[in-house]
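Trainee: fold the following.
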Amino acid sequence: MAVMEQTLINRKSDQQINPAAVLSASKLEYTPEVAKEMAPLYERVKSVVPPVEWPQMAPLIKAINDLKKQRNAVILAHNYMTPEIFHCISDYVGDSLQLAVEASKVDADVILQCGVHFMAETSKLMNPSKKVLISDVKAGCSLAESITAADVRALREAYPGVPIVTYVNTSADVKAECDICCTSSNAVQIVNSFESDKVIMVPDEYLAKYVATQTDKEIIAWKGHCEVHERFTAKELNEYREANPGLKIIAHPECPPEVIEAADYTGSTGAMISWVKNNRPSKVMMVTECSMSDNVAVETPGVEFIRPCNFCPHMKRITLENVYEALLEMKEEVTIAPEIAERARLSVQKMIDATT
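Mentor: Numbering: from 1, shown residues only. Okay, the predicted model is just below:
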């Protein structure tokens, strides 16, 4: 659970930082100087951030980037973050696999995770000696909450000898009980790496069903679902097609099977981004969390994005305001019990070793 650190330390100089002094110095005002300094960043996101909103964002973005230097901190941001976070304050961006790999290589003193709690836990697993922060500990995940370590132990008893693969969208407790982690981008590869003709996949039922169509192995699935992706329907996709001739639809494998069947392409968030960049369709709909369309649109001018806009309420708990507060006050710190961390870290590391 999160721990609030009361003493604020500048890790470069080992001197205390006075939060009030930092706040007073920055004032978080949209001055002509701030406008000029932040202009290149706005040029990057102007197609998805309205000009009326930028004067409120720019001072926070400048303050966050200044604090990162003072704290010797880096920000890891998931593809589902809003554009001002994804494009203006992050140091590393990507899907769950990309962020896990980057987390294992970070050389800074502080890691601030712009994503949900299990992602911050993964960063801590890969960097046990570093301070890992998340700006809102309530940024959870319906998948992570759908299964417990006790559930995994029960599965082992019910299916002795059958390997258990866990999606990274799980708690460290669950990772510690499983044989290896996977992400949507490498799930098929991970499943096929086992000699067993049966594999248990937790917790996403729809990802497991998708993997089952890509392998000869029998997949035993847990019935967890992503509250964002499970809301999409094939009927909805067909209605978008009728209203938008020439539309290409690409879907995440966390979607229901009928949605995947109705899509033109299915892949992880990273694979979906690559598909758009490589194919440059005139119109595309990304059947996943809505902010990802904004982030990809910034990098693919000329592509029209049709947005179904299912937002993740957990991802949207991460804001510029609480990221700034997290770096200013060095909160909220992510900690994992050592006896859990060692086994969970092995599960993540096995995945990275097998797929990178």
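Trainee: where do the strands sit along the protein?
Mentor: Under the criterion DSSP state E, strands of the chain are mapped to 9-10, 15-16, 73-78, 92-94, 110-114, 131-134, 164-167, 180-182, 198-202, 218-221, 248-251, 265-266, 283-287, 304-305.
Trainee: looking at those, spot the one closest to residue 346.
Mentor: With distances scored as CB to CB, the stretch of the strands of the chain nearest to residue 346 is strand 180-182 (8.8 Å). In short, each C-beta sits where N, CA and C put it, glycine included.
Trainee: helices and strands around the closest one, which ones?
Mentor: In terms of contacts (3 or more CB pairs under 8 Å, 6 or more residues apart in numbering; DSSP states H and E), strand 180-182 is packed against strand 164-167, helix 187-192, helix 338-355.
Trainee: neighbouring strands for it, and are they parallel or not?
Mentor: Applying DSSP bridges to the sheet, strand 180-182 is found paired with strand 164-167 (parallel).
Trainee: show me how the record splits this structure into domains.
Mentor: Structural domains annotated on the chain: 9-140+315-329, 144-222, 229-305, as defined by automatic domain parsing.
Trainee: how long is the last one end to end?
Mentor: To tie it back to what came earlier, the one meant is domain 229-305. One end of domain 229-305 sits 18 Å from the other (CA to CA, to the nearest Å).
Trainee: check the second one too.
Mentor: The first and final residues of domain 144-222 sit 12 Å from each other (CA to CA).
Trainee: contact partners for residue 231?
Mentor: The neighbours of residue 231, taking CB atoms under 8 Å, 6 or more residues apart in numbering as the test, are residue 310.
Trainee: likewise for the one 10 residues further on?
Mentor: Residue 241 sits next to 247, 249 when contact means CB under 8 Å, 6+ apart.
Trainee: where does it land on pLDDT?
Mentor: pLDDT, residue 241: 96.
Trainee: thinking again about what came up before, now, of the helices and strands packed on strand 180-182, which is deepest in the fold?
Mentor: Per-stretch averages of neighbours, counted by mean count of other CB atoms under 10 Å, single out strand 164-167 among the helices and strands packed on strand 180-182, with a mean of 25.
Trainee: give me the contact list for it.
Mentor: Counting by CB under 8 Å, 6+ apart, 143, 152, 155-156, 174-175, 177-184, 187, 190-191, 199-204, 207, 347 sit against strand 164-167.
Trainee: surely residue 95 meets residue 267?
Mentor: No - look at residue 95 against residue 267 with CB atoms under 8 Å: they stay out of range, at 9.9 Å.
Trainee: higher neighbour count, those two?
Mentor: Shown here are residue 95 and residue 267; by other CB atoms under 10 Å, residue 95 has more neighbours (23 against 19).
Trainee: okay, helices next: where are they in the stretch 101-250 of the chain?
Mentor: 117-126, 149-158, 172-177, 187-192, 205-212, 234-243 (DSSP state H, counting those that start in this stretch).
Trainee: now for those, which one comes closest to residue 259?
Mentor: Nearest to residue 259, of the helices of the stretch 101-250 of the chain and by CB to CB, is helix 234-243 at 5.6 Å.
Trainee: distance between that closest one and the chain's centre?
Mentor: Taking CA atoms, centre = their mean, to the nearest Å, the mean C-alpha location of helix 234-243 is offset from the chain mean by 27 Å.
Trainee: quick check: buried residues in it?
Mentor: Within helix 234-243, the residues that count as buried by 16 or more other CB atoms under 10 Å are 234, 236, 237, 240, 241.
Trainee: good, wrapping up.
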